[in-house]
Each structure stands twice: as C-alpha cells, then as structure tokens.
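Chemist: Have a look at this prediction, sequence included:
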Amino acid sequence: MTLTYINQEARKRKPLSPEPVIDETAVVQRSRLGEWTAVGARSRMMESTMDDYSYCVDEAIIHYAKIGKFCNIASHVCIN
C-alpha cells in the first residue's frame with residue numbers, strides 16, 4: 001500500500017522566523033506576537049498576546065487572551 005500526501009496547503013506554509021508568521025487568510029487585530037510565532041490559516045486573533053515560540057494552527061479563534069511561551073494551540077480551538 002502506498003500513502004500519498006494530499007494536503008497541499010501544509011506544504012505552502014512559510015518557514016518560521018524571528019518575525020511573526022501570519023497566514024494571509026488569518027485576521028489579527030490589536031494583538032502582540034512575540035518572536036518565532038505563527039498564526040495559521042483562517043484563524044482569528046483579537047486583543048490578545050502570544051509570547052515567543054508559540055503558534056496556533058488552522059481556524060483557531062483567540063479573543064482577549066494571553067498565550068505564554070512555547071504554547072501550541074490546535075485547530076478549531078476557541079479561547080476567550
């Protein structure tokens with residue numbers, strides 16, 4: 001049996017860098033992102049902070065929250 005990688009969207013992601021990486025479909029408003037952070041596709045972040053080395057993947061909703069260092073947020077998670 002041969003497995004084929006189908007999710008082409010994951011292959012297009014930009015590599016992490018000291019500057020925050022925000023997907024072009026994500027919405028980030030009045031928020032602060034630390035170094036080496038990433039916001040995934042179709043995610044929304046409003047009036048929140050995300051410290052260094054943290055990221056959220058696709059379709060996460062983060063409103064009025066403080067995310068610490070080294071946090072990994074799964075897809076479809078809502079945080080208030």
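Modeler: Sure thing, it's come through.
Chemist: only C-alpha atoms for contact and neighbour calcs from this point on.
Modeler: Fine.
Chemist: burial of the closest residue to S17 other than its chain neighbours, as a residue count?
Modeler: Sequence neighbours aside, W36 is the residue nearest to S17 in space, at 5.3 Å (criterion: Cα to Cα, 6 or more residues apart in numbering). Neighbourhood size, W36 [other Cα atoms under 10 Å]: 18.
Chemist: W36 and F70, how far apart?
Modeler: Per Cα to Cα, to the nearest Å, W36 is found 10 Å from F70.
Chemist: got any residues that touch both of these two?
Modeler: D52, Y53, S54 (Cα atoms under 8 Å, 6 or more residues apart in numbering).
Chemist: P18 contacts L33, correct?
Modeler: No. Counting by Cα atoms under 8 Å, P18 does not reach L33; the two are 10.5 Å apart.
Chemist: between those two, which one's more packed in?
Modeler: Higher neighbour count among P18 and L33: L33, with 22 against 11, using other Cα under 10 Å.
Chemist: looking at this, the residue nearest to S17 is in a helix?
Modeler: No. Under DSSP: H, G, I helix; E, B strand; the rest coil, W36 sits outside any helix and is assigned coil.
Chemist: give the contact list for it.
Modeler: When contacts are counted by Cα under 8 Å, 6+ apart, W36 touches L16, S17, P18, E19, P20, V21, D52, Y53, S54.
Chemist: could I get those as TSV with distance to M46?
Modeler: Converted to TSV, the contacts of W36 look like this (distance: Cα to Cα, whole Å):
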residue	distance to M46
L16	21
S17	22
P18	21
E19	19
P20	15
V21	16
D52	17
Y53	19
S54	16
